[in-house]
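Participant: Make a model of this:
(one chain, ligands or ions: 1)
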Amino acid sequence: MERLLETVFLCKKNKMNKFEKLGISSQILKVIEKENFEEPSEIQIKAIPLVLKGKDVIGGSATGSGKTLVFGSRIIQDCTQGKGIQSLVLTPTRELAIQVRDALAKFSQYNPLEILAVYGGVSINPQINELKIADVVVGTPGRVLDHVGRRTIDLRKVKVLVLDEADRMLDMGFLEDVEKIIKQCPSDRQTLLFSATIIPEVKRLSKRYMVDPVLVSAESMVDPKKLKQVYYDVPDSLKFSLLVHLLKDDKNSGLVMIFCSSRRNVDFVVKNLRGNKVDAIAIHGGFTQARRESSLRKFNSGKAWVLVCTDVAARGLDIKGVSHVYNYDLPRESKQYVHRIGRTARAGKDGMAVNILAQRDHENFSRVLKDNDVEIVRLETPPVSKVRTKIPAQEGSGRSSHKRGGHRRGSSRREHGRNRRR
Ligand code: AMP
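Facilitator: Model prediction:
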């Protein structure tokens, strides 16, 4: 027994050594031990030593790579409570701001810091009060700039500036806001930029606002050997019925994410899944902040096991335990496919990506195959009985129940396919 305890102790010590070697402080190591992290991820190994030396770093890494600990280790080791805002993290979305705030709060549980998330869609007044005592601010560019305009945020003491998911912030048109905010921070700060893809705009931003940045790249923690990718090719009229069949058929599935290309399709799928007794919830850009958060909470806590979402609403969110990713619509941008499938097969678990193709998806599917190094196996469509579907009330007033599997004749494709807002 004693020997066994000694072995367990040595194993734990070895694990922690790998993190300790990177220069991470003992307080953060305690959290890492509590979280049972086995070993540092690729981006952590490559970037943490540079970041802790005070270098400007561009991290080419996506969600799931462990990048929050990279900048978190610097922020937590460098900031002291009650000395003003010493670190600012900009994120493209409210959900990511909340997620990063929560992760930083977790990693800093032995280094008490006031970490505040600042985002739009909620009342500004409580934020104004909380900003007076914040040590670290995580925020979306729009709301942070709003505070700058009102002079309710003081960025003159910022030592570490983080631009998280920079490619996405620029994609969303935040360049000007981000630049205005950067100019409020002292020029002798450390700047850390993370981006899934280093697009030319990201390069330009880094040239303008970073000093001798070191570029480090790493894969996300998705294990390609654990991920199986399949597709079914079905008539449009069977698309939804096949989805229901597959969801009900797989008794061993964990959490499921279903991606659609528009808000309208999300509404359609979630409503009809519920109508077919599948416990599904939705998240898309048309929801209020409170509704998005409540959906996410339900999904994360396992109260609903199916999340139907658009790319924009889902990117950047860290959701654990996703066993299946369904593409109900194939993404128009092929790199989006990689982001989607990266939601499963994480942290050593098996995962499955299921593509349900109808005629209208073929072009997008060809692009996915051409642009990405992926192997997607064709599966025969099982015998599927058609299920009843309804168009959500706000769009299809007066035309409710009918038997087609997913789309109405004639105008249906326009209704579900052309609404590109996400
Ligand atoms: P991130 O990319 O920072 O959002 O991290 C994604 C998820 O991986 C989070 O749930 C982290 O807590 C977790 N994580 C971060 N580093 C590690 C690690 N070295 N080993 C296992 N999980 C990790």
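Participant: any idea how far H147 is from V160?
Facilitator: 18 Å (Cβ to Cβ, to the nearest Å). For every residue, glycine as well, the C-beta is placed using N, CA and C.
Participant: and what of V338?
Facilitator: Remark: distance between V338 and H147 (Cβ to Cβ) = 35 Å.
Participant: Same question for P126.
Facilitator: In this view, P126 and H147 are 12 Å apart by Cβ to Cβ.
Participant: which one of the two has more residues nearby?
Facilitator: H147 (21 against 10; other Cβ atoms under 10 Å).
Participant: Which helix or strand contains the more buried one?
Facilitator: helix 141-150 (DSSP states H and E).
Participant: what is the mean pLDDT for that helix?
Facilitator: The pLDDT scores in helix 141-150 average 98.
Participant: same question, stretch 20-40
Facilitator: Mean per-residue pLDDT for stretch 20-40: 93.
Participant: That one and the ligand, are they touching?
Facilitator: Yes - judged by Cβ under 6 Å from any ligand atom, stretch 20-40 comes into contact with the ligand at 37-38, 40.
Participant: and of those residues, the nearest to the ligand?
Facilitator: Relative to the ligand, the closest of those is F37; by Cβ to the nearest ligand atom it sits at 3.6 Å.
Participant: I'd guess that closest one is in a helix, am I close?
Facilitator: No - under DSSP: H, G, I helix; E, B strand; the rest coil, F37 sits outside any helix and is assigned coil.
Participant: Can you measure across stretch 271-291, start residue to end residue?
Facilitator: This stretch, stretch 271-291, spans 16 Å end to end (Cα to Cα, to the nearest Å).
Participant: do the same with stretch 183-199
Facilitator: Start and end residues of stretch 183-199 are separated by 22 Å (Cα to Cα).
Participant: Just confirm yes or no for it near the ligand.
Facilitator: No - under the criterion of Cβ under 6 Å from any ligand atom, the ligand is not reached by stretch 183-199; the shortest gap measures 8.9 Å.
Participant: and S73, what element?
Facilitator: Counting by DSSP H and E, S73 is found in helix 67-78.
Participant: Export that helix to PDB, keeping only CA atoms.
Facilitator: Backbone C-alpha positions of helix 67-78 (Å, rounded to 0.1, in the frame of the first residue of the first chain) are rendered in PDB as follows:
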ATOM      1  CA  LYS A  67      -4.300  29.100 -25.000                       C
ATOM      2  CA  THR A  68      -6.100  30.600 -22.000                       C
ATOM      3  CA  LEU A  69      -3.500  29.200 -19.600                       C
ATOM      4  CA  VAL A  70      -0.800  30.600 -21.800                       C
ATOM      5  CA  PHE A  71      -1.900  34.200 -21.400                       C
ATOM      6  CA  GLY A  72      -3.500  33.400 -18.000                       C
ATOM      7  CA  SER A  73      -0.100  32.400 -16.500                       C
ATOM      8  CA  ARG A  74       1.300  35.800 -17.400                       C
ATOM      9  CA  ILE A  75      -1.700  37.800 -16.300                       C
ATOM     10  CA  ILE A  76      -2.000  36.000 -13.000                       C
ATOM     11  CA  GLN A  77       1.700  36.100 -12.100                       C
ATOM     12  CA  ASP A  78       2.000  39.700 -13.100                       C
END
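Participant: ok, and what's touching the helix or strand just after that helix?
Facilitator: As assigned by DSSP H and E, the chain's next helix or strand after helix 67-78 is strand 87-90. With contacts defined as Cβ atoms under 8 Å, 6 or more residues apart in numbering, strand 87-90 is touched by 71, 75, 78-79, 97, 100, 104, 135-141, 144, 155, 158-164, 169, 178, 181, 185.
Participant: neighbouring strands for strand 87-90, and are they parallel or not?
Facilitator: Strand 87-90 pairs in its sheet with strand 136-139 (parallel), strand 160-163 (parallel), by DSSP bridges.
Participant: export these to CSV and tack on distance to the ligand?
Facilitator: Converted to CSV, the strands paired with strand 87-90 look like this (distance: least, Cβ to the nearest ligand atom, whole Å):
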stretch, distance to the ligand
strand 136-139, 13
strand 160-163, 12
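Participant: Now mean neighbour count too, for those, in CSV please.
Facilitator: Compiled in CSV, those are given as follows (neighbours: other Cβ atoms under 10 Å):
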stretch, mean neighbour count
strand 136-139, 28
strand 160-163, 26
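Participant: now those as CSV including distance to I356?
Facilitator: Formatted as CSV, the strands paired with strand 87-90 follow (distance: least, Cβ to Cβ, whole Å):
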stretch, distance to I356
strand 136-139, 36
strand 160-163, 36
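Participant: Show me which parts of stretch 197-217 are buried, residue by residue.
Facilitator: 198, 202, 205-206, 209-210, 213, 216 (16 or more other Cβ atoms under 10 Å).
Participant: Taking the residues you listed together, which two end up most distant?
Facilitator: Using Cβ to Cβ, the buried residues of stretch 197-217 span at most 18.0 Å, a distance reached by Y209 and V216.
Participant: Compute the number of surrounding residues for the spatially closest residue to D164 that is not a sequence neighbour.
Facilitator: Of all residues not flanking D164 in the chain, T91 sits nearest, at 4.7 Å (Cβ to Cβ, 6 or more residues apart in numbering). Neighbourhood size, T91 [other Cβ under 10 Å]: 28.
Participant: T389: which of the strands paired with strand 87-90 is closest?
Facilitator: strand 136-139 (40.5 Å).
Participant: Residues touching that closest one, excluding its own?
Facilitator: Strand 136-139 is touched from outside by 75, 79, 85-91, 97, 100-101, 104, 113-119, 131, 144, 153, with contacts defined as Cβ under 8 Å, 6+ apart.
Participant: and with 6 Å instead?
Facilitator: Strand 136-139 is touched from outside by 75, 79, 85, 87-89, 97, 100-101, 113, 115-118, with contacts defined as Cβ atoms under 6 Å, 6 or more residues apart in numbering.
Participant: sorry, back to before: would you mind giving the buried residues of stretch 197-217 as JSON lines with secondary structure and pLDDT added?
Facilitator: Output for the buried residues of stretch 197-217, formatted as JSON lines (DSSP: H, G, I helix; E, B strand; the rest coil; pLDDT from 0 to 100):
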{"residue": "I198", "secondary structure": "coil", "pLDDT": "84"}
{"residue": "V202", "secondary structure": "helix", "pLDDT": "93"}
{"residue": "L205", "secondary structure": "helix", "pLDDT": "96"}
{"residue": "S206", "secondary structure": "helix", "pLDDT": "96"}
{"residue": "Y209", "secondary structure": "helix", "pLDDT": "97"}
{"residue": "M210", "secondary structure": "coil", "pLDDT": "97"}
{"residue": "P213", "secondary structure": "coil", "pLDDT": "96"}
{"residue": "V216", "secondary structure": "strand", "pLDDT": "93"}
